[in-house]
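K.L.:
Following is a predicted model, sequence given first.
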Amino acid sequence: TITSISALEILDSRGNPTVRTYVTLEDGTKASASVPSGASTGQHEALELRDGEKRYAHKGVEKAVSHVNVEIAETLIGMNAVEQRNIDYTMIELDGTETKSKLGANAILGVSMAVAKAAAVTSNLPLYRYLGGSNATRIPVPCMNILNGGEHADNSVDFQEFMLVPNGAPNFKEGLRYVAETFHILKKILKGKGLATSVGDEGGFAPNCSSNEAAMELIITAINEAGYEPGKDLSIAIDSAANSFSQNLDNKYDLLSSGAGKMTTEELIDLSGKWLKKYPIVSWEDPLSEGDWDGFSEFTKKFGSQIEVVGDDIFVTNKKYIRKGIENKTANSALIKLNQIGTITETIEAIKMCREAGWRYFLSHRSGETEDTFLSDFAVAMDGGHLKAGSACRGERVAKYNRLLEIEHELGNRAEYRWK
Ligand code: PGA
Ligand code: ZN
């Protein structure tokens, strides 16, 4: 039984306020959880409630904190923490809006996560096991964002994320090593070329490459110099985050950062096709903007049998949009971010919908994170097969990978690791 719920305004990895929530149970169990925050967000994401007052440049979350302390606490105290679905739907009803705009998704999700953590502790189970059952033994392939552009960097690269995918590694521990070694080699290469080696929000480098293609070439060179074979040991995943270079979210694009200029949907798809011929890309997220449903379908028709086509901003972890995507063959995978929808239960429902349609799903952090490692346990519990949690540096990113090392170690020879 839940005896207390409270929240605190803390800072995320960008130095912006976010919500940390505490839950106490009758047997003395205590748990806390912190919610992340995105920068390149989809239009239809659940609402992150910000105070809009002078403090923290309008970004304070005292209102969300108060909603946890008052309305949510009053309603949930006395409920059973193992009844996750009941608790989540009680909060959804209490909020009563489509986008959780009354209480704030940051208020609701923090409680949802802290309740699950407390329930796991009181059930004497690790979180991944509590949420995923005894079959939760697969450690996700870490797709690590080592080079950034778009809204995550101030450089001449339009695409937001270039990720290394250690899909040829025998296990997670080795996969992590492949990527970390390549990350350090890439740093050396950048330094040698007189390019910046400071890192962006997700721990990737943000060098001022002359073009998108130049960024890709640097990564391939780094893989080779690290002693790995591109396409065998290490492959590439891209998140174009095409919203950020589309005009009015329609199907016209302007690759401003690189100077590649204006492109139609068809031209952008053709360019992607050229890249797919040339580079070992296994997954491509948001290749088109969230308004370009037809373009997305065309992209999937052309390349969907070859690679994972992931919808992030277009689906926002929301069953309503994922359902539409399944009906229209818009993609073949959905990015999954807990705070896009705002409760664990709805996130699990979105994942189930993907599974039933034969889609993949790709668990993800946000560019604003905390040291909370809920995501790592959740990814194992959901049998996702792969996750993205940033690069091989920055504490809030590495914390997620370190937790996965722990889980793999704990599972011993029961741990599985494979791309598909
Ligand atoms: P965000 O970006 O967390 O800044 O929204 C991540 C992504 O687009 O996948
Ligand atoms: Zn994305």
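P.N.:
Sure, I can see it. As the structure is a prediction and not an experimental result, all values here were calculated from the model. Ligands and ions are numbered 1, 2, ... in the order given.

K.L.:
who touches the residue nearest to E213 when sequence neighbours are not counted in this structure?
P.N.:
With CB to CB, 6 or more residues apart in numbering as the criterion, E213 has its nearest non-adjacent residue at 7.9 Å, and that residue is W275. Every C-beta, even on glycine, is put in place using the N, C-alpha and C of the backbone. The neighbourhood of W275, defined by CB atoms under 8 Å, 6 or more residues apart in numbering, consists of E213, M216, I281.

K.L.:
from those residues, which is closest to A136?
P.N.:
Using CB to CB, I281 is the member of the contacts of W275 that sits closest to A136, with 28.9 Å.

K.L.:
correct me, but the closest one touches I236?
P.N.:
Yes - if you go by CB atoms under 8 Å, I281 and I236 touch, sitting 4.9 Å apart.

K.L.:
Do stretch 17-37 and ligand 1 come into contact?
P.N.:
No - judged by CB under 6 Å from any ligand atom, stretch 17-37 makes no contact with ligand 1; its nearest approach is 7.4 Å.

K.L.:
Check the offset of that stretch from the chain's centre.
P.N.:
The chain centroid and the centroid of stretch 17-37 are separated by 21 Å under CA atoms, centre = their mean, to the nearest Å.

K.L.:
which of the contacts of W275 are buried?
P.N.:
Burial by neighbour count, 16 or more other CB atoms under 10 Å: within the contacts of W275 this picks out E213, M216, I281.

K.L.:
Distance of the second one relative to ligand 2?
P.N.:
Read it as M216. With distances taken as CB to the ion, to the nearest Å, M216 is found 18 Å from ligand 2.

K.L.:
just to revisit the earlier point, let's have the contacts of W275 in CSV, adding pLDDT and secondary structure.
P.N.:
What follows is these, written out as CSV (pLDDT from 0 to 100; DSSP: H, G, I helix; E, B strand; the rest coil):
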residue, pLDDT, secondary structure
E213, 92, helix
M216, 96, helix
I281, 98, strand
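
K.L.:
Including distance to L405, could those go into CSV?
P.N.:
Listed next are those as CSV, based on distance: CB to CB, whole Å:
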residue, distance to L405
E213, 34
M216, 29
I281, 27
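
K.L.:
Pick out the residue closest to the middle of the chain.
P.N.:
Residue closest to the average C-alpha location in the chain (CA atoms, centre = their mean): S364, at 1.8 Å.

K.L.:
Verify the stated contact: it with N339.
P.N.:
No - with contacts counted by CB under 8 Å, S364 stays clear of N339, the gap being 10.1 Å.

K.L.:
Ignoring the adjacent residues along the chain, who's closest to the one residue in the chain that gets nearest to ligand 1?
P.N.:
Nearest to ligand 1 in the chain, going by CB to the nearest ligand atom, is G38, at a distance of 2.8 Å. Nearest non-adjacent residue to G38, counting by CB to CB, 6+ apart: R366, 4.3 Å away.

K.L.:
contacting residues for the one you found?
P.N.:
With CB under 8 Å, 6+ apart, R366 has these contacts: P36, S37, G38, A39, K337, N339.

K.L.:
for ligand 1, what are the nearby residues on the protein?
P.N.:
Counting by CB under 6 Å from any ligand atom, the residues of the chain lying close to ligand 1 are G38, A39, S40, T41, Q160, D239, A241, D312, S364, R366, S367.
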